[in-house]
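>>> Let's see this in three dimensions:
(2 chains)
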There are 2 protein chains.
Amino acid sequence: MADEYLKKFINMERKTKKMINIDPLQTGGILTNEARQALIEWGDGYSVCDFCLGKLDEIKTPPIYDFVHKILPEFIGADRVCLTHGAREGKFMIMHAIAKPGDFIIIDKNAHYTTYIAAERAGLKIKEVENSGYPEFKIDVDKYENTINELKEKKANIALLLLTWPDGNYGNLPDVKKVVEISKQYKIPLLINAAYAIGRMPVKMNEIGADFIVGSGHKSMASAGPIGLIGMKKEWEDVVLKKSQYFKGKNIEELGCTVRGVPIITLMASLSYVTERVKKWSEQVEKARWFSEELEKFGIKQLGEKPHNHDLMFFESEKLYEISKKHKEGGFFLYKELKENNIWGIKPGLTKHFKLSTFAATREELEKVLQIFENILKKN
Amino acid sequence: MADEYLKKFINMERKTKKMINIDPLQTGGILTNEARQALIEWGDGYSVCDFCLGKLDEIKTPPIYDFVHKILPEFIGADRVCLTHGAREGKFMIMHAIAKPGDFIIIDKNAHYTTYIAAERAGLKIKEVENSGYPEFKIDVDKYENTINELKEKKANIALLLLTWPDGNYGNLPDVKKVVEISKQYKIPLLINAAYAIGRMPVKMNEIGADFIVGSGHKSMASAGPIGLIGMKKEWEDVVLKKSQYFKGKNIEELGCTVRGVPIITLMASLSYVTERVKKWSEQVEKARWFSEELEKFGIKQLGEKPHNHDLMFFESEKLYEISKKHKEGGFFLYKELKENNIWGIKPGLTKHFKLSTFAATREELEKVLQIFENILKKN
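Prediction:
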């Protein structure tokens, strides 16, 4: 291996970092200055374990114990919180701990792809609750009940219900309380995938009434990745965090400890800011609705729930699609023109359907985004 | 939640960072300056996914594809490499993918605790190959064969052999080639846990002849955590990285993508340095042996293999233990006196038995460590 070749991995520049970011994956994960400082202070591998006496979440210096056992449970309204490598790993942990291969899980049709794969990895069979299709793609939460009854007739064992709240495609927020009711009525635990909720909007699992919730640090909590969390009701603690038969202090599903590195420190350093920002969620919804209305004036149609309740939105544009057919850049023209104008986050190649998030951009920045969309439509 | 309270998670100082570090967990994970710079550039959640077209290891900008599919396979001599959240997650992935619940795994008695827990999580039964006990605690690798035969007589299905190389307690490097022979003779795949090898010493899995190897970025590759890797023979790729039935581009065991965050960038940024340092492994072994000899002159006995072949060493001291019985700080006196002298890494409370690593410290720094040990023994 030529050593010269390895130099290309040094000083890699992230070219997008000063752009107006409307990428739904990224707008909730931009670090605070405090988190950025924490990266340098705690970046060395295993530095968080300086004063570990055996278990990550019990470390007192830095105050991980307080953070995991007091701050986070209060923040998300859960009896017990544990750290994971991300929302998907949290979903797998729960499924693997509470279900057995061959059991059924009922999920919403708008579920993230990792929900399917986590269930598949745990050996579960999947049954979907359909959405309403074009244009709103809403999950009819009442159908969780029909689906339960169908499966019960076939003598299937249903281990878990899962609801994606909001989903990562349309940003729809289904009626979670209704699913909680069904979950309680049929005594089947409910897991809420709140990767796009926790850290953006106020979320209290105990007020919602679910058994489990998962969140994502890198997606929505201004943290470096990978990191996520599980919130659970007390009654599930001994199941999900079952102790090893070999090492009494260690949990099986956590493989002892999960996030043994700097992402936990950035999550901690950002939480003060994140706690404040969720209080301003109504402003975010207002901003998203305003942006959607403005973009629709150019004939770009917002799909998903309307009026919309989340910063993640899905748009449809026949006009942009028509342009792409004749443009020398083809389907890539929109991505390229936005990028030239310092706007980041629409996936390369998309014109007819694309999603975006208004979470990180200011109104002024979004004015600019609207202006650029208008120019692109006029120019072409 | 009082917002004031959250401020304690901001500007947390890591007080140990300028000390002479002899903590085995930490000496191989200290970042290079290049990695430290990378943290700031790529710290935002999901920043590595800027140009993702669906799969982390296929990202071309930054050059993760090259790194995972060309550089790392060459570095560790494996046909295929995949990223994991750490060595333990790698072990679980392999066990979960290739074995079924109830199968046996044969492991060495010196295995890390996470080997037991990964096997437990995968539903495997564990059979141990004993070590030789005090003072060397060597694994008699020939006994893998007896153990296989014993289990075969009982009609047990043996899914995997695992060897810890070196182990994390004594730093012993068992005869891995012998275990490879047995593995081939009985056609049972072999996994090497090389969390303390890859990134410290030259390791080529294909020269060793094993089926799988796992490594740790935060433990031994000068990377922020959590991150690790699996190296495997080509024939195992379709088993361990089996594709989802729901999403053809996604692997089940990786839940789609694993290290979607800044630790992958630090691993990349440090590899040029790490590639150079493994070439100087013989100097590390020499330094460890010298340190061990010097410490033994004070009556502090090195356990484990002798002469020693790794920077991780286990010591026994009746003298320090005797002092602790009378000292006002009790068992904590050694930890405290070392810390006062700017030496970090002996676990609080230990005196009779403790481990340390000479990997990160220079000879000059280790001279100081020896001097302090001598002072402590004289003074008390």
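>>> Just the CA trace of stretch A:290-299, in PDB.
Taking Å, rounded to 0.1, in the frame of the first residue of the first chain, the C-alpha atoms of stretch A:290-299 are listed here in PDB:
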ATOM      1  CA  TRP A 290     -45.300  29.100   5.400                       C
ATOM      2  CA  PHE A 291     -42.500  27.600   3.200                       C
ATOM      3  CA  SER A 292     -44.900  25.000   1.900                       C
ATOM      4  CA  GLU A 293     -47.500  27.600   1.000                       C
ATOM      5  CA  GLU A 294     -44.900  29.700  -0.800                       C
ATOM      6  CA  LEU A 295     -43.400  26.800  -2.700                       C
ATOM      7  CA  GLU A 296     -46.900  25.700  -3.800                       C
ATOM      8  CA  LYS A 297     -47.400  29.100  -5.400                       C
ATOM      9  CA  PHE A 298     -44.800  28.000  -8.000                       C
ATOM     10  CA  GLY A 299     -46.800  24.900  -8.700                       C
END
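>>> Give me the contacts around that stretch.
Contacts to stretch A:290-299, defined as CB atoms under 8 Å, 6 or more residues apart in numbering or on different chains, come from residues A:302, A:306, A:308, A:313, A:315, A:317-319, A:358, A:363, A:366, A:369-370, A:373-374, A:377. C-betas here are computed from N, CA, C, even on glycine.
>>> Give the buried subset of the residues you listed as a PyMOL selection command.
The buried residues among those can be selected in PyMOL (16 or more other CB atoms under 10 Å in any protein chain shown) with this line:
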select buried, chain A and resi 302+306+308+313+315+317+358+366+369+370+373
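>>> can you tell me which two in the contacts of stretch A:290-299 are farthest apart?
Spatial extent of the contacts of stretch A:290-299 (CB to CB) is set by the pair A:318 and A:363 at 27.5 Å.
>>> if I read this right, residue A:202 contacts residue A:284, doesn't it?
No. The pair residue A:202 / residue A:284 is not scored as a contact, 11.1 Å apart, by CB atoms under 8 Å.
>>> which one of those two has more residues nearby?
Legend: neighbour count by other CB atoms under 10 Å in any protein chain shown for residue A:202 and residue A:284, higher for residue A:284 (19 against 16).
>>> in the helix or strand where the more buried one lies, what counts as buried?
Here residue A:284, judged by DSSP states H and E, is contained in helix A:281-296. By neighbour count on 16+ other CB under 10 Å, the buried set for helix A:281-296 is A:281, A:284, A:285, A:287, A:288, A:289, A:291, A:292, A:294, A:295.
>>> Within its sheet, name the partner strands of whatever helix or strand comes next after that helix and how each one runs.
Helices and strands here follow DSSP H and E; after helix A:281-296, the next one along the chain is strand A:301-303. Strand A:301-303 has the following strand partners under DSSP bridges: strand A:312-316 (antiparallel).
>>> any idea of the angle the strand it pairs with forms with helix A:281-296?
10 degrees (axes from the mean of the first three to the mean of the last three CA atoms, to 10 degrees).
>>> contacts for strand A:312-316?
With CB under 8 Å, 6+ apart, strand A:312-316 has contacts from A:24, A:135, A:166, A:168-171, A:196, A:288, A:291-292, A:295, A:300-304, A:352-359.
>>> pLDDT of it, averaged?
Regarding strand A:312-316, the rounded mean pLDDT is 98.
>>> buried sites along the helix or strand following that strand?
For strand A:312-316, the following helix or strand on the C-terminal side (DSSP H and E) is helix A:318-326. Residues of helix A:318-326 classed as buried: A:320, A:323, A:324 (neighbour count, 16+ other CB under 10 Å).
>>> The last one and residue A:336: what is the separation?
Computed as CB to CB, to the nearest Å, the residue A:324 to residue A:336 distance reads 11 Å.
>>> which residues are common contacts for the two?
Common neighbours of residue A:324 and residue A:336 (CB under 8 Å, 6+ apart) do not exist.
>>> quick one on the thing from earlier: from the contacts of strand A:312-316, keep the buried residues only.
A:24, A:166, A:168-171, A:196, A:288, A:291-292, A:295, A:300, A:302-304, A:354-359.
>>> Between the contacts of stretch A:290-299, which sits nearest chain B?
residue A:358 (17.0 Å; CB to the nearest CB).
>>> wait, doesn't the closest one sit right on residue A:366?
Yes. If you go by CB under 8 Å, residue A:358 and residue A:366 touch, sitting 6.0 Å apart.
>>> Would you mind listing the residues touching both of those two?
Shared contacts of residue A:358 and residue A:366, counting by CB under 8 Å, 6+ apart, come down to A:287, A:291.
>>> Can you name the residues of the stretch 201-350 of chain A sitting close to chain B?
By the rule CB under 8 Å from any CB of the partner chain, the part of the stretch 201-350 of chain A lying against chain B is A:216-219, A:221-227, A:244-247, A:250, A:252-253, A:255-256, A:258-263, A:265-266, A:268-269, A:271-272, A:275-276, A:344, A:348.
>>> So which of these sit within helices?
Per DSSP state H, helices hold the following members of those: A:217, A:218, A:219, A:263, A:265, A:266, A:268, A:269, A:271, A:272, A:275, A:276.
>>> Fine by me, thanks again.
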